[in-house]
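Colleague: Sequence and predicted structure are below.
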Amino acid sequence: MNWWNRNKKVVLIVLGGGFALAVIALVFLMVSGPIIGDRMCTLVGCVGGLEIELIGLPEATPFEISVAFPSGETQTLACGTENDQSEAFVKSCSPKGMFLSLTPDVEPPKEITVTVTVNGKQTSEVFRPEYSKLQPNGEDCPPTCYSAKITLNIAQ
């Protein structure tokens with residue numbers, strides 16, 4: 001008990017120093033995001049994309065889906081085959097369609113043409129997706145991600 005009484009001041013100084021260090025670290029973390037104009041932004045990211053759902057697709061049927069953009073670029077993916085996986089989050093198959101990643105901070109296309117080929121039969125439709133906008137760090141801070149879901153009935 002005598003030891004504790006003599007060393008109490010040392011223990012309190014060490015604990016107090018640890019608390020001060022924690023406060024300094026917390027302040028540093030609060031101000032470590034980028035500063036844009038007179039605003040400080042956090043570094044939270046986001047992923048946006050275009051989900052294409054196919055209605056009337058028979059279970060476990062292979063299909064090919066192409067998305068044409070106004071820029072002339074076309075993204076094509078064969079789904080339901082052994083090779084239906086591509087780079088993660090760029091474009092990927094789902095049992096009922098496709099997910100196509102959209103680049104953050106880039107305006108999404110206002111119009112796209114989707115063409116689906118199932119058992120040799122092609123179905124094509126032009127869409128004007130209604131995108132939801134996500135800004136996880138606030139209105140004036142990057143990134144900005146856009147997401148939309150469209151549905152194509154291929155059973156017609």
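Modeller: Arrived safely, thanks for sending. Numbering: from 1, shown residues only.
Colleague: Could you pull out the strands in the chain for me?
Modeller: Secondary structure of the chain by DSSP state E: the strands cover 35-36, 39-40, 48-55, 63-68, 74-79, 91-94, 97-102, 112-118, 121-127, 132-134, 145-153.
Colleague: Tell me, domain by domain, which residues of the chain belong where.
Modeller: Structural domains assigned to the chain are 2-32, 48-153, following automatic domain parsing.
Colleague: could I get the strands of the chain as CSV with mean pLDDT and mean neighbour count?
Modeller: No exception for glycine: its C-beta is placed from N, CA and C like everyone else's. CSV is the format used below for the strands of the chain (pLDDT from 0 to 100; neighbours: other CB atoms under 10 Å):
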stretch, mean pLDDT, mean neighbour count
strand 35-36, 53, 12
strand 39-40, 77, 14
strand 48-55, 94, 20
strand 63-68, 94, 20
strand 74-79, 91, 17
strand 91-94, 84, 18
strand 97-102, 91, 20
strand 112-118, 95, 19
strand 121-127, 95, 13
strand 132-134, 96, 12
strand 145-153, 96, 18
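Colleague: picking that back up, nearest to residue 40, out of the domains of the chain?
Modeller: The closest approach between residue 40 and any of those, judged by CB to CB, belongs to domain 2-32 at 6.6 Å.
Colleague: avg pLDDT for the closest one?
Modeller: Here the mean pLDDT over domain 2-32 is 55, rounded to a whole number.
Colleague: Could you pull up the contacting residues of the closest residue to residue 147 other than its chain neighbours?
Modeller: Spatial nearest neighbour of residue 147, excluding adjacent residues (CB to CB, 6 or more residues apart in numbering): residue 48 at 4.8 Å. Taking CB atoms under 8 Å, 6 or more residues apart in numbering, we find residue 48 in contact with 101-102, 104, 108, 131, 134, 145-147.
Colleague: about what we covered before: make TSV out of the domains of the chain and add distance to residue 39.
Modeller: Compiled in TSV, these are given as follows (distance: least, CB to CB, whole Å):
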stretch	distance to residue 39
domain 2-32	12
domain 48-153	5
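Colleague: So which of the ones you listed is nearest residue 42?
Modeller: Counting by CB to CB, residue 42 lies closest to domain 48-153 out of the domains of the chain; the figure is 4.9 Å.
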